[in-house]
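**Q** mind folding the following:
(3 chains)
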Amino acid sequence: MSTFAIVFYTLMIGASCVAAYYHRRDAFLVLFSLTLASFLLGLLGGEVWLRYVAIAIGLFFASAGLAYSFREFLVQTLPREAAKVMRSAPLTASFGLFVILVYVVAAVFAPVIAPYGEAEVIGSSYAPPDDKMLLGGDQLGRDMFSRIIYGARNTVGIAVLTTAIAFLVGSLAGLMAATLGGWVDQALGRVVDTLMAIPQLVFALLLLTIVGTNVVNLILVIALLYSPLVFRLARAVAGNIVVMDYIEAARLRGEKTSYLIVREILPNATAPLVAEFGLRFCFVFLAISALSFLGLGIQPPTADWGSMVRENATLISFGEMIPLIPAAAIALLTVAVNFVVDWMLHLSSGLKE
Amino acid sequence: MARERGLLLKIRGLRIEGRADEKWFEIVHGVDLDLHRGEVMGLIGESGAGKSTIGLAAMGFTRDGCRISDGTIEFDGMELTSSPEEDLRMLRGARIAYVAQSAAASFNPAHKLIDQHTAAPVQHKIRTRRESEEDAMELYRRLRLPNPEEIGFRYPHQVSGGQLQRAMTAMAMSCRPDLIIFDEPTTALDVTTQIEVLAAIRDIVDQFDTAALYITHDLAVVAQMADRIKVLLRGDEVEEADTRSMLSSPQEEYTKSLWAVRSFRREQKPAVGAGETPVISVSGVSAAYGPVRVLDDVSFDIHRGRTVAVVGESGSGKSTAARCITGLLPPTAGEIRYHGEALPASFRNRTKDQLRQAQMIYQMADTALNPKKRIGEIIGRPVAFYSGRRGAELKKRVDELLDEIELEPSQYYHRLPSELSGGQKQRVGIARALAAEPSFIICDEVTSALDQLVAEGILRLLSRLQDELDLAYMFITHDLATVRSIADDVVVMKEGRVVEAGPKDEMFRPPHHEYTDLLLSSVPEMDPDWLDHLLEQRGVDNIGEAARK
Amino acid sequence: MGVVSLVAKRLGLGLVTLLVVSIIIFGAVELLPGDLAQQILGQAATPETVKALREDLGLDRPAVVRYFDWLGGAVRGDFGFSLANKRSVAEQLGPRFANTLFLAAVAAAFSIPISILLGVLAALWRESVFDRIANVSTLTSISSPEFFLGYILILFFAVLNPWFPSISSVTADMPFTERVFVTLLPALTLTLVVIAHMMRMTRAAIIALLASPYIEMARLKGEPRWKVIAVHALPNALAPIINVVALNLAYLITGVVLVEIVFVYPGVGQLLVDSVTKRDFPVVQACCLVFAATYILLNLVADVGVILSNPRLRHPK
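**A** Got it, this is the predicted structure:
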C-alpha cells in the first residue's frame, strides 16, 4: 500500500471518528459511507481511483469554503435588507451566485482577460499546455484558454438573448391568455400544445435545416421552440391569480386589460416568473450548446463551448481532459443557475406561508 | 355521573412548539386537561387557539413541523410523550380514534369505505375481516346511513359529505375505542346536514359509552354535544366548567365576550312605503353555467337604506344571484333594474357610473386584496378611477375612508395586506367598496371567515355606515344568527329558486314555508337541550335529509 | 364522463396532434425560400438540371397532393428516397430505429426502477443528508449537457481504464450480451440524466401525497409505516409515477440524439444529424416524424395511464 493510500484512509477514518464523537450523525454517515466506498474503489480500481476520490472531496470542500466565504462577504457588504435574505441562503445558492458573477465578469471583460484573440492562431494544432498557452492549443493551434473566455461572451450572451425573447413572447402570451380567457386562451393553448408535441431538439434540427444555420436563425428558432414552455408556466401562474377576488373587483370597477396585467397580476407573478427565467435559461443554454456541439449552432470561427467540445473531442481518446473544460464550463453555469433558482423557489414558497 | 368513573386522559403542563422560518415557536403554553371515562369534553376556541393540536397530542401525535416540548399526557395510566412510536401505534385506532374535519379528504380515494373501515380492527387483531364487515353494517345502521348493507362497498367520492362524516364516525367506532377525538366534524357541512351528523354522533357516543374530545369553534354545537367545556385562547386555557354553568354564568371576560356576540341585534326598519322605487330590482332572473341551470326565475327588490339578507345552503344559488347583479354572469332570462332602469346584462357593457353604483365585499379578505399593493393604493385606486382625484386631494379622501373604517390613516396607509389582521383586512375591503361612493353594496358571506368577536365588529361597522350613508345592502349568508342581527328583509333560496321572502320579523315568526322552517330550526341554539327538543319534535326518522323530502 | 369516452377522446386528440405535426413537418420544407430543387443543386446549376430534378421529385404537382402522397407512404412505412444516396429512407431508418429503441430500452431498464426507488426514499427521508446529497447531485446531473457526461464516462471507463469500448458500434448479428455490453456506456449517460429528472419528479409527487389528510388518517388509525406507504400512498401515487415515467421516456428521445453522436451509435439520432448536415430533406422529415410519433405516443400513454388510475373515473357515481 502506498503512502498516499495510507494517509487517505487514516484521514477518512479519523474524520469519521471525530464526527461520531461529536454526535454529528449526518456528517458521520456521509464520511463513513465515503470511507467504505473508497475501500471498495481502492480494491477494484487501485490507487488512481483513490486519487480521484481525494480530488473530488477536495473540490467539494474548496467550493463549500468558497461558498461560505462568499456568503459572509455578501452579508457584510450588502445593504441590510438584502444581507438579511443572504444570511439564510444555503451554501449552494451562494456558490451559484459566485459562479454566475465569475461568468459575468469573464463575458464582460473577455478582451481584457484573454491573452489572445478568439480566432488568432498561436501555435501548432493540439499544442500541449505551456507558459504561452495555459491550456494548450486547439485543432487549429488557437489558444484554448482565450477561446474559453470568449466562449463565455458568445455562448452565454446568445443564450441570454434567446431566453429573453422566448420569455418575453411566452410570458406576455401567457398573461394575455389567462386574463382574456375565452377563445384567445383556447387558440393559444392549441398552438402551444402542437408546438410542444414535437421534441424540441428534433424540431430545432428540422427548422435549422430549412432556414439554415446562422446566429440570428438559431436565436429565433430556439426562442420560438422554448416560448411555449414559458407560456404554460405564465398561463398557470396568472391563471391562479385571475380567479382571485381582487381581480374580480378590478374588473367590476371597469379597469382595462392592460391595467389588470401590469398593476394587478404582474406584481404577484414576479417571483415564479423570475425563477422560470433562470430555469428556461438553463434549458436554452443546454439546447444551444447541444446544437453547436452537433455543428448546427454557433458557427466557426466564433469561439463557442459546444463547438469547442466537438472540435477537440479526438483529444479525449488520448486521455486528455482539456476538451472537457468547455463542457464543464457549460455544466458549471447551468448548475449554478439551478442552485440559485432552487433557492429562489424555496424563498417564494416560504414567504407564502 | 362520569366523574366517578375514573380518569381516562390526564394532560399536565402540555407545551407544543411549531416550526416556522427555521425557528421553533410555542403554540400551546402549558395546558392541563382531565377527561373521565364516558365523558364528552368540548374544546372551544377561535382559530389559532391550538385546539386541534391539543386533540392530536391526546393521541401522542403531532403534525410535521410540530413537537411536544414539555408536559405529560397520560392515557389510562400510560405516559404517551415518552412511549415509543410502536406502542403509540397499538393505541391509535384501537383505543383512541380520530374523526377529521373533512371526511372527503380524509378517506383514501383509492379504497372502498369498508376496506378502510376494517383496516384498524383487523390490524389490531380485534376482529376478523368478516366480523368487522358485519359490525360495520351494524354501525352504519345505528348511524342511520341509508342502505347500511351496501354503502360500505362504495368509494368515498360516491357518497355525500354528511354521509361520509357519519361513515368516518363509524370507522372511528370500529374498535370500540375508549376515546374519540372529533375535530370540527360538522364545520364543512350545511346546517340541515349538520343536524343529522350531530344527532348520530351523540347517539353512538352515548350507546357505547365512549369518552370524547369534541373540538369546535361553534358554541351552540358544543352546547349540544359536551358534558364539560374548556375554552382556549391562543394556546392557553381560559376556563373550564360543565356545560350548563358555562353557558349560564361564564366567569372570564373572554368567555363572556364570546357569549355576548350573539346578542347584537339591530332595530328592524319600518316597512317600505308603497310606490318607492327600489335601488336594485331583480326580476325574473334565470341563469346557467353551461347546460347546468343554477337560477330559476328569481325576483326580489332591495330598497334604499335597507339590508336584504339572502339565505340558503350551499348550491342554493345565492352567490350566483350576486354574480348576475354585478354582471359577471349575464342571466339567460329576466333583468336587473337600477332605480327602475334596466342594466346591461354584462358588466362589460355597463357605464362607469353604473359600475360605480354597485360594489362588492368578499368573503375571503385574503383573496380580495392584492397582496402586493399597499392599503393606500388599494383604497385610493377606486377613488382616483371614479372621481379623478389626484395628489393631496386623493390622499385626503383615502384618509377619510380609513377613518371611516376605524383604522388610523398614518399607521395603515403604507402597510401591505399581509401586515393586517383578518378583521382589519375585511375593513379595508369595506373601505374599497365605499371609495366608489356606491348606493348599493353586496356583502358575500363577509363575516363567515372571521372569528365571532371580529365578525361582530364588522357587522356593527356595516350597520353604522348604512345609517350614515343610506346604503342598500344585499347580505349573502348561510348563518341565520347574522340574519337575525342585521337584516331588514329576508329572501330564502333553495336550489336556485326563491322559496320565501319578506320582512325579517315576519320571516322569523311562524307560519313558515316548510323549507324555511327546516332551515330555521336546524340552526343550533345555545340551549343545551335544543337538540333533544328538536329531535323530539321532528321524530327520530325525520331529521336532516329525511326531513327535506 | 366515463373512462372509455375519456380515453377515446384522448386517443382521438393524439391522432389529431400527430396529423397536425405531420403537416408541420411536411409544410416546413415547403416554406423553404425559393425552390427545393434549386436549393439542393445550388446556384451554379443550369435551369435544365433544376427542371429535371423538379420532375424527379414531383415538385410540379401541388403541395396538397404531395402531402397526401407522402403521408400515405409514411403510413405504409414508405418514406421515399434519400437525396444523398438515392437509397430508400425506410431501409436506412428501420434498423437504426431498432437500435435507438434498444438503447432507450437499456437506459429505461436501469433508470426507472432506480429513480423511483431513490425518489420514494428521498421523499420519505426528506431534509435528511441523503435527501440533500440527492438534491445536489441530481441538480448537477440535470445541468450537465449529455455530451459532457458521455465524454467523462468515455474518459474514465474507456480511455483511462479501457473497460468498455468508446465507440458503440452495434451490428445486427451481435449476440445479445455483447450488444448490451457495447451499449452500456451510452445507456449509462442517458440513465444519469433521466434518473435525475425522474427522481426529482417522483420525490415531489410523493411529498405532495404524504401531506394529504388521508395519510394522516391512516397513521392515526395505527397502521404500520409500511402499510401507510404500500396501501394508502402507493395506489394514489400511481398516476403521478406513470406520468413521470412516460415524460422521461419522452425526454430520452431528445437525449438520444446527442448520446448517439458522442458514442457514434448507429441510431436514428445520428442519421438525423447526418442528414441535416447534408440537407437531405426526405430523411430529415422521416426521422422527425418517427421521433415526434414516439414522443406523442408516450405522452398519450402517460395521459391514459393517469385517467385509468383515477378511482373517481374508474368507479363513476
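**Q** residues from chain A in reach of chain B?
**A** A:88, A:244-246, A:248-249, A:251-255, A:264, A:267-268, A:350, A:353 (Cβ under 8 Å from any Cβ of the partner chain). From N, CA and C alone the C-beta is placed, and that goes for glycine too.
**Q** show me which pair in those is furthest apart.
**A** Farthest-apart pair in the residues of chain A next to chain B is A:Ser88 and A:Gly254; separation 42.9 Å (Cβ to Cβ).
**Q** related to what we said a few turns ago, and the residues of chain A next to chain B, which of them are in helices?
**A** Judged by DSSP state H, helices contain the following of the residues of chain A next to chain B: A:Asp245, A:Tyr246, A:Glu248, A:Ala249, A:Arg251, A:Leu252, A:Arg253, A:Pro267, A:Asn268, A:Gly350.
**Q** got a winner among those for most neighbours?
**A** Most neighbours among those, by other Cβ atoms under 10 Å in any protein chain shown: A:Ala249, with 25 neighbours.
**Q** what pLDDT does that one get?
**A** Confidence at A:Ala249, expressed as pLDDT, is 92.
**Q** list the contacts for it?
**A** By Cβ atoms under 8 Å, 6 or more residues apart in numbering or on different chains, the contact set of A:Ala249 is B:Met360, B:Tyr362, B:Ala368, B:Arg432.
**Q** close to chain A, is whichever strand or helix holds the last one?
**A** In this case it means B:Arg432. Element membership for B:Arg432, per DSSP states H and E: helix B:422-435. Yes: Helix B:422-435 reaches chain A (Cβ under 8 Å from any Cβ) through B:Arg432.
**Q** doesn't B:Val285 lie inside a strand?
**A** Yes: B:Val285: assigned to a strand according to DSSP: H, G, I helix; E, B strand; the rest coil.
**Q** which residue packs closest to it, ignoring adjacent ones?
**A** Nearest residue to B:Val285, sequence neighbours excluded (Cβ to Cβ, 6 or more residues apart in numbering or on different chains): B:Gly334, at 3.7 Å.
**Q** what's the burial count for the one you found?
**A** Residues within reach of B:Gly334, counting by other Cβ under 10 Å, total 17.
**Q** thinking again about what came up before, give me the more crowded residue out of A:Ser88 and A:Gly254.
**A** A count of neighbours by other Cβ under 10 Å puts A:Gly254 above the other of A:Ser88 and A:Gly254, at 19 against 14.
**Q** against B:Asp353, how distant is the more buried one?
**A** Going from A:Gly254 to B:Asp353 by Cβ to Cβ, to the nearest Å gives 10 Å.
**Q** and C:Ile307, what element?
**A** Under the assignment here (DSSP H and E), C:Ile307 is part of helix C:281-308.
**Q** and the residue lying closest to A:Trp49 once chain neighbours are set aside, how far is that from chain C?
**A** Leaving aside its sequence neighbours, A:Trp49 sits nearest to A:Leu41 (Cβ to Cβ, 6+ apart; 4.3 Å). To chain C, A:Leu41 is 12 Å away according to Cβ to the nearest Cβ, to the nearest Å.
**Q** surely A:Leu41 is within a helix?
**A** Yes: assessed with three-state DSSP, A:Leu41 lies in a helix.
**Q** show me where pLDDT drops low in the stretch 201-350 of chain B?
**A** Low-confidence segments of the stretch 201-350 of chain B, defined by pLDDT under 70: B:260-264.
**Q** what secondary structure does the residue nearest to B:Val285 sit in?
**A** Secondary structure, three-state DSSP: B:Gly334 is strand.
**Q** show me the contacts for it.
**A** B:Val282, B:Ser283, B:Gly284, B:Val285, B:Ser286, B:Asp297, B:Val298, B:Ser299.
**Q** next structured bit after the helix holding B:Arg432?
**A** Of the helices and strands lying after helix B:422-435 in sequence (DSSP H and E), the nearest is strand B:440-444.
**Q** the inter-axis angle of that next one versus helix B:422-435?
**A** 150 degrees (axes from the mean of the first three to the mean of the last three Cα atoms, to 10 degrees).
**Q** distance from stretch B:505-513 to the middle of the chain?
**A** Here the centre of stretch B:505-513 is set off from its chain's centre by 24 Å, with Cα atoms, centre = their mean, to the nearest Å.
**Q** can you redo the ones in helices among the residues of chain A next to chain B as a markdown table with distance to A:Gly151?
**A** As requested, these are exported to a markdown table (distance: Cβ to Cβ, whole Å):
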| residue | distance to A:Gly151 |
| --- | --- |
| A:Asp245 | 51 |
| A:Tyr246 | 47 |
| A:Glu248 | 51 |
| A:Ala249 | 51 |
| A:Arg251 | 49 |
| A:Leu252 | 54 |
| A:Arg253 | 52 |
| A:Pro267 | 37 |
| A:Asn268 | 38 |
| A:Gly350 | 36 |
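**Q** picking up where we left off before, from the middle of its chain, how far away would the helix holding C:Ile307 be?
**A** The gap between where helix C:281-308 is centred and where its chain is centred comes out at 8 Å by Cα atoms, centre = their mean.
**Q** excluding chain neighbours, what is closest to the spatially most central residue of chain C?
**A** Chain C has C:Ile253 as the residue nearest its centroid, 2.5 Å off, counting by Cα atoms, centre = their mean. Ranked by Cβ to Cβ, 6+ apart and with sequence neighbours excluded, the top spatial neighbour of C:Ile253 is A:Pro199, at 5.3 Å.
**Q** and what of B:Asp242?
**A** B:Arg228 (5.0 Å).
**Q** one more: B:Arg397?
**A** B:Val383 (5.1 Å).
**Q** ok, that neighbour - contacts?
**A** So B:Val383 contacts B:Arg389, B:Leu394, B:Arg397, B:Val398, B:Leu401, B:Ala435, B:Ala436 (Cβ under 8 Å, 6+ apart).
**Q** what helix or strand is it on?
**A** Short version, using DSSP H and E: B:Val383 is in helix B:375-387.
**Q** format the CA atom coordinates belonging to whichever helix or strand comes after that helix as PDB.
**A** Remark: after helix B:375-387, the chain's next helix or strand is helix B:391-404, criterion DSSP H and E. Extracted C-alpha coordinates of helix B:391-404, given in PDB (Å, rounded to 0.1, in the frame of the first residue of the first chain):
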ATOM      1  CA  GLY B 391     -52.400  64.100  -5.300                       C
ATOM      2  CA  ALA B 392     -53.200  65.700  -1.900                       C
ATOM      3  CA  GLU B 393     -57.000  65.500  -2.700                       C
ATOM      4  CA  LEU B 394     -56.700  61.800  -3.200                       C
ATOM      5  CA  LYS B 395     -54.700  61.300  -0.100                       C
ATOM      6  CA  LYS B 396     -57.200  63.300   1.900                       C
ATOM      7  CA  ARG B 397     -60.100  61.200   0.700                       C
ATOM      8  CA  VAL B 398     -58.300  57.900   1.400                       C
ATOM      9  CA  ASP B 399     -57.500  59.200   5.000                       C
ATOM     10  CA  GLU B 400     -61.200  59.900   5.400                       C
ATOM     11  CA  LEU B 401     -62.100  56.500   4.300                       C
ATOM     12  CA  LEU B 402     -59.600  54.900   6.700                       C
ATOM     13  CA  ASP B 403     -61.100  57.000   9.500                       C
ATOM     14  CA  GLU B 404     -64.500  55.700   8.400                       C
END
